[in-house]
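A.B. asks: My questions concern the predicted model and sequence given below.
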Amino acid sequence: MIVIGLGSGRSGTASLAKLLNAQQEALCFHEMNPSCVRFEGTPRPILNTIEEFGFIESGGETSRLTVDLARPVSAAAYDRLCAMPRVRLIGDIAFYYLSYVELIAAHNPKVRFVCLKRDKTATVESWLRHSTIRRWPSKRLADRLSALITRQKYYTHRNPWVAHDGSRWEIDPVWDKCFPKMKAGTRRGAIEQYWDYYYGRIDRIAEEIPERLMIVETETLQDHEAQSRILSFCGYDPPEHIYTQAHIHKSA
């Protein structure tokens, strides 16, 4: 089985990866290769990933996979994959797959999709905190002084949901391109629009391929029943299910 996980971010995707990775002969990445993709317009890296997953899932050499090894979490997962004698489930979970679900589904009929959906208010508040640039007090003072001396911009926030020139918010060359762009003057407004757009699009896709796309309420991830439904959907029979403790960014 090949599994692609989705969700708006701050939605429990790390917990979904943890659950899938706990199963026998399973390897699921979390945001495996963001450097090579944009939210839209980069189909080839996406299809390359699916083809490489298919090669490995059918018994091919496990090292034949393109991974962003600059990310420690991806490098560790890749090393684990290379040491596995057999792979029964392989996949990746990342918010930026949304625009490519239909393309992936048409390209490989074996792929299943699991999308986590967290409460809108909780998601927005979590993203507001996460997009704030946090510094220790001493580091904050040092950075302000450095910005004054070097005449560089001192940033307090990021806003990847809006196309901007960096005069107000910090630009991240890797992650900014992975989000769709909203028309909003504030971070809160942009994130709210992003949530609406993301799950509106997921709902439409789910109507087209209901047998291959499962939407899971993030708040249910703590329940063994919800975990069991996910694992059965991903090809594991109930006697094989290994349950995990979910962590849903309650304080982030």
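C.D. replies: Ah, there it is. Residues are numbered from 1 along each chain as shown.
A.B. asks: Now do the same contact list for the residue nearest the centre of the chain.
C.D. replies: A centroid search over the chain (C-alpha atoms, centre = their mean) returns residue 94, at 2.0 Å, as the residue closest to the centre. Counting by C-beta atoms under 8 Å, 6 or more residues apart in numbering, residue 94 makes contact with 5, 6, 13, 30, 31, 32, 34, 178. C-beta: built from backbone N, CA, C; applies to glycine.
A.B. asks: pLDDT averaged over stretch 25-44, what's the number?
C.D. replies: Confidence for stretch 25-44, expressed as mean pLDDT, is 98.
A.B. asks: Next, find the distance separating residue 229 from residue 201.
C.D. replies: Distance of residue 229 to residue 201, given as C-beta to C-beta, to the nearest Å: 23 Å.
A.B. asks: meant to ask about residue 175
C.D. replies: For residue 175, the distance to residue 201 - C-beta to C-beta - is 20 Å.
A.B. asks: Next: residue 72.
C.D. replies: Taken as C-beta to C-beta, the span from residue 72 to residue 201 is 31 Å.
A.B. asks: for this protein, longest helix please?
C.D. replies: Longest helix in the chain, counting residues (DSSP state H): helix 187-208.
A.B. asks: Which positions within the helix or strand following it qualify as buried?
C.D. replies: Following helix 187-208 in sequence order, the next helix or strand is strand 213-217 (DSSP states H and E). Of the residues in strand 213-217, 213, 214, 215, 216 count as buried by neighbour count, 16 or more other C-beta atoms under 10 Å.
A.B. asks: Helices of this structure, start to end?
C.D. replies: With DSSP H, the ranges of helices along the chain come out as 13-21, 43-57, 72-82, 101-107, 120-130, 137-150, 187-208, 224-233.
A.B. asks: Just want the angle from the third one to helix 13-21.
C.D. replies: This points to helix 72-82. Following axes from the mean of the first three to the mean of the last three C-alpha atoms, to 10 degrees, one obtains 10 degrees for the angle between helix 72-82 and helix 13-21.
A.B. asks: Centre of the chain to helix 72-82, how far?
C.D. replies: How far helix 72-82 lies from its chain's middle: 16 Å, per C-alpha atoms, centre = their mean, to the nearest Å.
A.B. asks: Then the fourth one?
C.D. replies: Centroid separation between helix 101-107 and its chain, computed with C-alpha atoms, centre = their mean, is 17 Å.
A.B. asks: buried ones in that helix?
C.D. replies: Residues of helix 101-107 classed as buried by neighbour count (16+ other C-beta under 10 Å): 101, 104, 105.
A.B. asks: That helix packs against which elements?
C.D. replies: strand 2-7, helix 43-57, strand 111-117, helix 187-208 (3 or more C-beta pairs under 8 Å, 6 or more residues apart in numbering; DSSP states H and E).
A.B. asks: 6 Å - rerun?
C.D. replies: Using 3 or more C-beta pairs under 6 Å, 6 or more residues apart in numbering; DSSP states H and E, the elements in contact with helix 101-107 are helix 43-57.
A.B. asks: One more: the fifth one?
C.D. replies: Identification of packing neighbours for helix 120-130 by 3+ C-beta pairs under 6 Å, 6+ apart yields helix 187-208.
A.B. asks: Pull out the buried positions in the helix it packs on.
C.D. replies: Those would be 187, 190, 191, 192, 193, 194, 195, 198, 199, 202, 205, 206, for helix 187-208 by 16+ other C-beta under 10 Å.
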